[in-house]
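Trainee: here you go, sequence then predicted model.
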Amino acid sequence: MDLSYSPEDRAFQDEIRAFLAEALPARLSDKVRTGAELTKADMEAWHAILNAKGWLATTWPKEFGGPGWTPVQRHIFEEECCRAFAPRVVPFGLNMLGPVLMRFGTPAQQQAYLPRILSGADWWCQGYSEPGAGSDLASLRTRAIRDGDTYVVNGQKTWTTLGQHANRIFCLVRTSTEGKPQQGISFLLIDLAAPGIEMRPIRLIEGGHEVNEVFFTDVRVPITNRVGAENEGWTIAKFLLGHERTNIAGVGFAVQAFEQLRAFARRPRGNGRRLIDDLLFAARLSEIEIELEAMKITNLRLLVAAQQTGAPGPESSMLKIKGTQIRQALNDLARRALGPAAAPFPLEALEGNAALVPLDQAANAARYFNSRKLSIFGGSNEIQRNILAKAKLGL
Amino acid sequence: MDFEPSDDRRVLADTLTRFLAAEYPIAHRNAVAYAAPYHDPDKWARLSDLGLLYALAPEAQGGMGGAGFDIATVFQPLGAALCPEPVLAALLSARLLVAAGHDLDPLLSGRTRYAAAIGEIDAPYDPAEITCAAQGGATGWTLHGRKSVVYGGGTADRLLVAARASEAVGLFEVASEAVEITAYGMIDGGGAAEVFLDATPAALLLPDAEATLHDALDHGALALCAEAVGAMDTAQALLLDHLRTRQQFGQPIGSFQALQHRMVDLTIEIEQARSITILAASRMGAEQQSRTVSMAKSHIGRTAKLVAEELIQLHGGIGMTWEHPAAHYAKRLVMIDHQLGDTDFHLQRVMAGYRGA
């Protein structure tokens, strides 16, 4: 038993810290700290900084331009990025499609797309969910019918995160209605500039534009844009969802939120008393802190196990469930910590001298409502429980 | 970073697990845990011969361990087997005797049995609230008052007593024959005692023992966390077996999603409890020892009760019967929260860390 990082890992940590101190622009970390919306240019700028250092595609092996890090090193990197309030790397090309192409793509597809993911020439988005296919993804109905050298695609995708910035989308489409639903699915790469595609924004509960719905009407896609064999896309879909679970615990984000809330609660108030001295508040914060401290160790235990066995097991579903519960509990407490001052909307209604609370807490109500998504996306927490019951407990 | 036990600890855990499985099957455990003297003296002697107690004390004091992970290595198998032996009394006493600079070998060899008489009915968890009095005189010290629910107190040869002399709480040693002791069993098995001190002659070990008492109680709380993790592991195994084999509506009840999801939630909480116990074990002797142990004991208090209640509920009526092992695991898991600080007591110690700037 040794819970400390090795000397090599600590040196690695120092290297990351030094890099972030120098390379992360304050205008970006300020936005992340205050929960302000990042523009497309902000995200692209951060990607370019990381790419120049060779640290953008942290899950990629060296041969494809990744840094070749171990899971523990990736964890340290993510931890330090959160500590520094760096923007999140947009995962769709880097952590989802990239690994799929390396595993299932043709050499031509790898050469065509992987470098463009790194350079930022392509911004990918995800076409998985449909209005009628959420948790039951295999019931998807977007059709792709062969017509010579092309597929003709008709249907609708939804919950397409940051699709408004994207120029390409990877999609699960139905190429056969024979057999079990899982057996007729294929994986297509689609250019969003193709005729017949319409992307519409979906406004979320807190007012933000983060997700979209995408409509396909007679969209022609060359068959060379199919990854893997026809009707074998479900294998790819499952592989990709496994990669979606990297950093699923979100420990770094929880630590960020905890530290911000504790600092806020320690501020002296007009009445001379601090929120942290309120016993009920302190008790609630303590209970979350205890869960978070336990979660850090649970996450490390599973990371080290994954490092030894080579792949994360079904236990990563435990991280999804507990990690999202902790983050939602923190967002809930942070919202209530503001009292009536959580209400003004939009934030710009009270700017500058008119502001009620520090900028990094002002969006707490919006954060709370937005964070309800955490237990729904990436496989809802109920689906994660199904996975655990079957794969871990053997029920 | 490494979450595997060292070879020495693995051997100790395996030896202990095998011994307990062979010597304390649940029927025998229940037979000795609920009837005087509330443990098995013969098997206690054999446990001592295994060298179990030496793992609880540092090498410098004649032991072979004493680190947080050594304590966890001993107590997790004890919990898994629901062993009623007074190992907690030995651990608390060993920590106190180490601080007093005493020879530990009589305790560690199992020749002399000690119990730590710290808690009182109105000072159950915090040594600062102790009211038992110590008076110094020409012929030495005498103790006055009552110590309550002293674990292993009914079978101890020597008692280590915390008592207040003027301002400070001191640590004293008395011979069991010199005091009136009412021994009894506990609802979850094992023995405790009321100790009546009435001008009892005592030897002073430490004049100001408050820090020592806190340190001993931290170690005891860690031991209870590890014991709870062991008991929760067995509880989980009992539950999974029941869910796979119990048939209702023509199928195993484990095929019902309502029960599957509850079992998953329980599993996650047990893993979290294991993690926080590992963290606490790693911080024994470090600056954050007390706050981290309190995090663990507070978490365990909540989680162990949840596991106990689900253990009964998912077993249904059979879980309510004395005959079924689940009932005895459930009792132990709930009653651990009554020992050395419950979930709220320890939560307040965690909250205290927020005071100051």
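Mentor: Alright, I've got the coordinates.
Trainee: switch to C-alpha atoms for all contacts and neighbour counts from now on
Mentor: OK.
Trainee: give the burial count for residue 330, as a bare number.
Mentor: With no chain named, the answer covers chain A. Here the count is done by other CA atoms under 10 Å in any protein chain shown, and A:Leu330 has 23 residues near it.
Trainee: other chain: chain B
Mentor: Count around B:Ala330 with other CA under 10 Å applied: 25.
Trainee: contacting residues for the nearest residue to it once chain neighbours are set aside?
Mentor: Leaving aside its sequence neighbours, B:Ala330 sits nearest to B:Ala308 (CA to CA, 6 or more residues apart in numbering or on different chains; 4.2 Å). For B:Ala308, the contacting residues are B:235, B:329-331, B:333-334, by CA atoms under 8 Å, 6 or more residues apart in numbering or on different chains.
Trainee: try it again with 7 Å
Mentor: By CA atoms under 7 Å, 6 or more residues apart in numbering or on different chains, the contact set of B:Ala308 is B:330, B:333-334.
Trainee: what helix or strand is B:Asp215 on?
Mentor: helix B:210-245 (DSSP states H and E).
Trainee: what's that helix packed up against?
Mentor: helix B:68-80, helix B:87-99, strand B:251-252, helix B:257-282, helix B:289-315, helix B:325-335 (3 or more CA pairs under 7 Å, 6 or more residues apart in numbering or on different chains; DSSP states H and E).
Trainee: which of the three states applies to the closest residue to A:Phe253 other than its chain neighbours?
Mentor: Leaving aside its sequence neighbours, A:Phe253 sits nearest to A:Cys82 (CA to CA, 6+ apart; 6.2 Å). Of the three states, A:Cys82 takes helix according to DSSP: H, G, I helix; E, B strand; the rest coil.
Trainee: A:Cys82 and A:Glu259, how far apart?
Mentor: In this view, A:Cys82 and A:Glu259 are 11 Å apart by CA to CA, to the nearest Å.
Trainee: for the two, indicate the residue with more neighbours.
Mentor: A:Cys82 (23 against 14).
Trainee: for the stretch 251-357 of chain B, give me the ranges with low pLDDT.
Mentor: The stretch 251-357 of chain B contains residues with pLDDT under 70 at B:357.
Trainee: next to chain A, which bits of it? Give me the list.
Mentor: Residues of the stretch 251-357 of chain B lying near chain A by CA under 7 Å from any CA of the partner chain: B:254-255, B:260-261, B:264, B:268, B:271-272, B:275-276, B:295, B:347, B:350-351, B:354.
Trainee: and the two most separated of those?
Mentor: Among these, the pair separated by the greatest distance (CA to CA) is B:Ser255 and B:Tyr354, at 45.4 Å.
Trainee: residues touching residue 181, list them.
Mentor: By default, I'm working from chain A. Residues counted as contacts of A:Pro181 (CA under 7 Å, 6+ apart) are A:138-139.
Trainee: wrong one, chain B
Mentor: B:154, B:193-196.
Trainee: output the residues you listed in CSV; the columns should cover distance to B:Leu16.
Mentor: Shown next, in CSV, are those (distance: CA to CA, whole Å):
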residue, distance to B:Leu16
B:Gly154, 25
B:Ala193, 27
B:Glu194, 31
B:Val195, 32
B:Phe196, 35
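Trainee: what's the closest of these to A:Ala249?
Mentor: Nearest member of those to A:Ala249, counting by CA to CA, is B:Ala193, at 46.3 Å.
Trainee: any idea which element the closest one lies in?
Mentor: Going by DSSP H and E, B:Ala193 is in strand B:191-206.
Trainee: packing partners of that strand?
Mentor: If you count contacts as 3+ CA pairs under 7 Å, 6+ apart, strand B:191-206 packs onto strand B:140-151, strand B:168-175, strand B:180-185.
Trainee: among the ones you listed, which is nearest B:Leu243?
Mentor: B:Leu243 lies closest to strand B:180-185 among those, at 32.6 Å (CA to CA).
Trainee: partners of the closest one, with directions?
Mentor: Note on strand B:180-185: by DSSP bridges, its sheet partners are strand B:191-206 (antiparallel).
Trainee: now A:Glu37: closest residue in space that isn't a chain neighbour?
Mentor: Using CA to CA, 6+ apart, the closest residue to A:Glu37 is A:Lys31 (7.1 Å).
Trainee: and the one you found, which helix or strand is it part of?
Mentor: For A:Lys31, the host element (DSSP H and E) is helix A:26-34.
Trainee: and the helix or strand following that helix, average pLDDT?
Mentor: Proceeding C-terminally, helix A:26-34 gives way to helix A:40-53 as the next helix or strand, assigned by DSSP H and E. Helix A:40-53 carries an average pLDDT of 97.
Trainee: would you mark the buried spots in helix A:40-53?
Mentor: A:44-48, A:50-51 (16 or more other CA atoms under 10 Å in any protein chain shown).
Trainee: okay, stretch A:138-147 in CSV with CA atoms only?
Mentor: The C-alpha trace of stretch A:138-147 is given here as CSV (Å, rounded to 0.1, in the frame of the first residue of the first chain):
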residue,chain,number,x,y,z
ALA,A,138,-29.9,0.2,-30.6
SER,A,139,-33.5,1.1,-31.5
LEU,A,140,-32.2,4.0,-33.6
ARG,A,141,-34.0,4.6,-36.9
THR,A,142,-32.0,7.0,-39.0
ARG,A,143,-31.8,5.1,-42.3
ALA,A,144,-28.9,4.8,-44.7
ILE,A,145,-29.8,3.1,-47.9
ARG,A,146,-27.2,2.1,-50.5
ASP,A,147,-27.4,3.7,-53.9
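Trainee: contacts only, for residue 120.
Mentor: I went with chain A, as the question did not name one. Neighbouring residues of A:Gly120 by CA under 7 Å, 6+ apart: A:Glu44.
Trainee: ah, no, chain B please
Mentor: Neighbouring residues of B:Glu120 by CA under 7 Å, 6+ apart: B:130, B:146-148.
Trainee: pLDDT below threshold where in the stretch 51-200 of chain B?
Mentor: Across the stretch 51-200 of chain B, nothing is flagged by pLDDT under 70.
Trainee: and the gap between A:Phe264 and chain B?
Mentor: According to CA to the nearest CA, to the nearest Å, A:Phe264 and chain B sit 12 Å apart.
Trainee: so what's the backbone phi/psi at that residue?
Mentor: phi -60, psi -40 (degrees, to the nearest 10).
Trainee: nearest residue to B:Met284 in space, please, no chain neighbours.
Mentor: Using CA to CA, 6+ apart and skipping the chain neighbours, the partner closest in space to B:Met284 is B:Gly68 (5.4 Å).
Trainee: can you give me the strands in chain A?
Mentor: All strands of chain A, identified by DSSP state E, fall at A:124-127, A:143-147, A:150-157, A:168-174, A:185-191, A:197-203, A:209-222, A:226-227.
Trainee: now these as CSV including distance to chain B, mean neighbour count and mean pLDDT?
Mentor: Shown next, in CSV, are the strands of chain A (distance: least, CA to the nearest CA, whole Å; neighbours: other CA atoms under 10 Å in any protein chain shown; pLDDT from 0 to 100):
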stretch, distance to chain B, mean neighbour count, mean pLDDT
strand A:124-127, 29, 26, 98
strand A:143-147, 32, 18, 98
strand A:150-157, 29, 21, 98
strand A:168-174, 28, 25, 98
strand A:185-191, 28, 25, 98
strand A:197-203, 32, 16, 98
strand A:209-222, 29, 18, 97
strand A:226-227, 35, 22, 98
